[in-house]
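J.: here is my input, please return the structure:
(one chain, ligands or ions: 1)
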Amino acid sequence: MKRRFFVFLLFSLVSIHAFGLELRGSWQQGGVIVGKVPDGSQIEYRGKKLQLSSLREFVIGLGRDAPDHATLVVIDAQGGRTEHRFAVKQRSYNIQRVTGVPQQTVEPDPEQVARARREAQMAADARKGNLPLRFFAQEFVWPLVGPITGVYGSQRVYNGVPNTPHYGVDIARPVGTVVNAPAGGVVTLVHPDMFFSGGTLIIDHGHGLSSTFIHLSEILVKKGDEIVQGQAIAKVGKTGRATGPHLDWRMNWFEERVDPQLLVGAMPSQ
Ligand SMILES: [Zn+2]
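T.: The predicted structure follows:
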């Protein structure tokens with residue numbers, strides 16, 4: 001346990017001040033990097049210019065299966081381009097292989113399939129905004145304290161067929177336990193009961209970084225509300241397709257799934 005904490009510190013608190021670029025975050029799959037460019041400069045990632053805050057900050061997210069390097073291009077005031085290449089640590093996820101078990105094949109109800117598809121689109125739309133908010137640069141905190149029962153990236157493979165990976169961090173707490181905002185933001189989606197995710201809340205922290213909270217029993221905020229860090233936003237539930245009461249907290253950088261645990265570090269002792 002102690003050792004993991006140290007590893008986390010190494011990867012997340014090391015700041016790089018090179019090439020006039022300031023960077024902090026975790027250069028690994030699922031990591032989030034917050035940076036600042038020199039005065040008058042712009043920054044490009046994967047062929048697109050990133051939005052800069054009033055303090056010239058930007059954010060990028062590295063997906064679960066991100067390649068082993070990432071390139072940032074700094075464009076100076078004269079239009080000169082400098083490429084910077086960063087190694088991205090490759091992770092090994094918890095993959096459970098289940099073989100020889102007859103998989104239950106249930107004919108999907110076309111109405112439920114259509115509903116789930118519509119709801120997935122609503123969530124995607126709620127994460128699309130490139131909102132000019134600076135909350136992404138805040139130091140994130142755990143939305144609640146409790147035992148971690150599921151982690152980012154884990155996956156089950158049934159008879160050789162991989163299921164969708166689990167992208168959230170699961171924290172088991174009784175129904176009704178208050179969930180607090182891990183950082184400030186604006187509420188972009190409130191849904192009382194989605195097919196898979198039940199009570200669903202999305203908070204946009206700015207520049208494409210967002211948090212999604214699912215299986216909620218109650219949501220205490222409204223769409224469009226501006227939230228401050230630590231504010232009570234919802235209550236734990238087991239709505240949707242949940243096996244028991246828990247909070248499932250996911251984070252995105254636009255459509256890229258990132259690991260919330262890399263932003264908050266070790267869970268405080270209970
Ligand atoms: Zn989960």
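
J.: for the record, mean pLDDT for the helix ranked longest in the chain?
T.: Of all segments of type helix in the chain, defined using DSSP state H, the longest is helix 110-126. Averaging pLDDT along helix 110-126 gives 95.

J.: for that helix, name the packing helices and strands.
T.: Helix 110-126 sits against strand 185-194, strand 198-206, with contacts defined as 3 or more CB pairs under 8 Å, 6 or more residues apart in numbering; DSSP states H and E. Bear in mind the C-beta positions are built from the backbone N, C-alpha and C, glycine included.

J.: quick check: angle from the longest one to strand 198-206?
T.: Note on geometry: by axes from the mean of the first three to the mean of the last three CA atoms, to 10 degrees, strand 185-194 and strand 198-206 are set 160 degrees apart in direction.

J.: buried stuff in strand 185-194?
T.: 185-191, 194 (16 or more other CB atoms under 10 Å).

J.: those: which ones sit near the ion?
T.: With respect to the ion, and counting by CB under 5 Å from the ion, no part of the buried residues of strand 185-194 is in contact.

J.: okay, domains of the chain per the record?
T.: 2-87, 95-101+109-264 (automatic domain parsing).

J.: closest one to Gln270 among the ones you listed?
T.: domain 95-101+109-264 (5.6 Å; CB to CB).

J.: off-centre distance for the closest one?
T.: 8 Å (CA atoms, centre = their mean, to the nearest Å).

J.: distance between the ends of it?
T.: Taking CA to CA, to the nearest Å, domain 95-101+109-264 runs 24 Å from one end to the other.

J.: need the helices and strands packed on helix 110-126 in JSON lines with mean pLDDT, can you?
T.: JSON lines is the format used below for the helices and strands packed on helix 110-126 (pLDDT from 0 to 100):
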{"stretch": "strand 185-194", "mean pLDDT": "98"}
{"stretch": "strand 198-206", "mean pLDDT": "98"}
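
J.: so which of these comes closest to Thr149?
T.: Ranking the helices and strands packed on helix 110-126 by proximity to Thr149 (CB to CB) places strand 198-206 first, at 16.7 Å.

J.: who touches the residue in the chain positioned nearest to the ion in this structure?
T.: Relative to the ion, the nearest point of the chain is Asp248 (3.5 Å; CB to the ion). By CB atoms under 8 Å, 6 or more residues apart in numbering, the residues touching Asp248 are 150, 168-170, 197, 213-215, 242.

J.: could you check the angle strand 185-194 makes with the longest helix of the chain?
T.: 180 degrees.

J.: continuing past helix 110-126, what's the next helix or strand?
T.: As assigned by DSSP states H and E, the chain's next helix or strand after helix 110-126 is strand 148-150.

J.: show residues contacting that following strand.
T.: 166, 168-172, 246, 248, 267.

J.: go on, stretch 79-87?
T.: Under the contact criterion CB under 8 Å, 6+ apart, stretch 79-87 has outside partners 18-19, 21, 27, 44, 68-76.

J.: make JSON lines out of those residues and add secondary structure and pLDDT.
T.: Below are the contacts of stretch 79-87 laid out as JSON lines (DSSP: H, G, I helix; E, B strand; the rest coil; pLDDT from 0 to 100):
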{"residue": "Ala18", "secondary structure": "strand", "pLDDT": "52"}
{"residue": "Phe19", "secondary structure": "coil", "pLDDT": "58"}
{"residue": "Leu21", "secondary structure": "strand", "pLDDT": "90"}
{"residue": "Trp27", "secondary structure": "coil", "pLDDT": "96"}
{"residue": "Glu44", "secondary structure": "strand", "pLDDT": "97"}
{"residue": "Asp68", "secondary structure": "coil", "pLDDT": "96"}
{"residue": "His69", "secondary structure": "strand", "pLDDT": "95"}
{"residue": "Ala70", "secondary structure": "strand", "pLDDT": "96"}
{"residue": "Thr71", "secondary structure": "strand", "pLDDT": "96"}
{"residue": "Leu72", "secondary structure": "strand", "pLDDT": "96"}
{"residue": "Val73", "secondary structure": "strand", "pLDDT": "95"}
{"residue": "Val74", "secondary structure": "strand", "pLDDT": "95"}
{"residue": "Ile75", "secondary structure": "strand", "pLDDT": "95"}
{"residue": "Asp76", "secondary structure": "coil", "pLDDT": "93"}
